[in-house]
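> take a look and give me a structure for this.
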Amino acid sequence: MRINRKWKLTSKASMSATRPIQQRVYAIRKVATIMLPFYRKLASSLTFSIQWATAVRKTDIARMNKLLRSVIGAEPLSALGSNGVGWFVDFPLPKPLLEITNGTTIRPGQVQFTFSSTINRAIAKAVIPLYKEISCNPYYAALIVKAINTQNKVLLNRLVRSTVTSRRLVSVDIDFSGFFLGFKYPESKYVYLNEVFREYVM
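Numbers count the residues shown, from 1 in each chain. Predicted structure coming up:
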């Protein structure tokens with residue numbers, strides 16, 4: 001899919017909404033930029049991936065924090081969490097957006113303390129091009145935000161699949177104010193969700 005790099009908000013209604021849209025684009029680019037090195041580390045290091053998944057299964061937040069900090073440094077966090085089947089990182093945002101969340105998880109309620117380092121690593125490899133494009137291309141990021149804001153699942157699906165080419169990507173959904181990418185691998189009966197969302201909706 002070719003991304004129109006000259007995409008602009010030109011109508012009066014769009015111009016009046018420019019500031020909140022810019023804030024949301026900033027938010028999604030911020031999380032992509034910070035987390036991209038982390039996904040690259042998961043993808044490139046088997047040892048790191050195993051250590052991370054073990055900490056997630058044990059809900060060992062201190063160990064998770066140490067591993068995450070070894071990649072992203074002293075970047076401010078709002079929260080870091082594990083529910084035993086996935087991980088979540090919250091980053092603070094300027095008001096009124098408050099914070100944005102990134103993570104990978106099995107949907108809660110299906111299983112306990114199960115999280116595959118192999119699958120987490122495969123998902124990291126799959127989403128690196130997506131996060132790189134969001135981070136480096138503000139027009140692509142703006143289109144992602146537009147798709148989420150307008151609940152345009154068809155557009156979001158096209159945008160995501162233009163960068164995430166893994167055949168294990170089985171779903172692209174919109175919820176809260178973000179996207180949820182479902183990955184299904186043969187070695188697990190569970191769908192893993194890679195997520196970026198803001199819980200506070202303006």
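> show me the strands in this protein, by range?
In the chain, the segments counted as strands under DSSP state E are 79-82, 86-92, 99-106, 169-175, 178-184, 191-197.
> where are the low-confidence patches of the protein?
Across the chain, the ranges flagged by pLDDT under 70 are 1-18, 199-202.
> so which elements touch the longest helix seen in it?
In the chain, taking DSSP state H as the definition, the longest helix is helix 18-44. Helix 18-44 sits against helix 46-57, helix 61-72, strand 86-92, strand 99-106, helix 117-136, helix 138-149, strand 191-197, with contacts defined as 3 or more CB pairs under 8 Å, 6 or more residues apart in numbering; DSSP states H and E. Bear in mind the C-beta positions are built from the backbone N, C-alpha and C, glycine included.
> before we move on, back to that, want to throw the strands of the chain into TSV with mean neighbour count and distance to R121?
TSV is the format used below for the strands of the chain (neighbours: other CB atoms under 10 Å; distance: least, CB to CB, whole Å):
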stretch	mean neighbour count	distance to R121
strand 79-82	16	17
strand 86-92	19	13
strand 99-106	21	10
strand 169-175	16	15
strand 178-184	20	12
strand 191-197	21	11
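> would CSV of the ones you listed with distance to R29 be doable?
Listed next are those as CSV, based on distance: least, CB to CB, whole Å:
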stretch, distance to R29
strand 79-82, 20
strand 86-92, 12
strand 99-106, 10
strand 169-175, 18
strand 178-184, 13
strand 191-197, 11
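> which stretch among those strands comes nearest R63?
Among the strands of the chain, strand 79-82 comes nearest to R63, with 9.8 Å by CB to CB.
> packing partners for that closest one?
Other elements packing on strand 79-82 under the criterion 3+ CB pairs under 8 Å, 6+ apart are helix 61-72, strand 86-92.
> pipe those into JSON lines and attach distance to L80 per row.
Conversion of the helices and strands packed on strand 79-82 to JSON lines gives the following (distance: least, CB to CB, whole Å):
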{"stretch": "helix 61-72", "distance to L80": "6"}
{"stretch": "strand 86-92", "distance to L80": "6"}
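> thinking again about what came up before, of all the strands of the chain, which one is nearest Q23?
Among these, strand 99-106 sits nearest to Q23 (CB to CB), with 10.7 Å.
> name the residues that touch the closest one?
27-28, 30-31, 35, 78-79, 83, 85-93, 114-115, 120, 123, 178, 190-200 (CB atoms under 8 Å, 6 or more residues apart in numbering).
> same check, this time on stretch 143-162
Here stretch 143-162 has contacts from 1, 3, 7, 21, 24-25, 28, 130, 134, 140, 169, 172-174, 177-179, 181, using CB under 8 Å, 6+ apart.
> in it, which residues are buried?
Neighbour-count burial for stretch 143-162 flags L143, I144, V145, K146, A147, I148, N149, L156, N157, L159, V160 (criterion: 16 or more other CB atoms under 10 Å).
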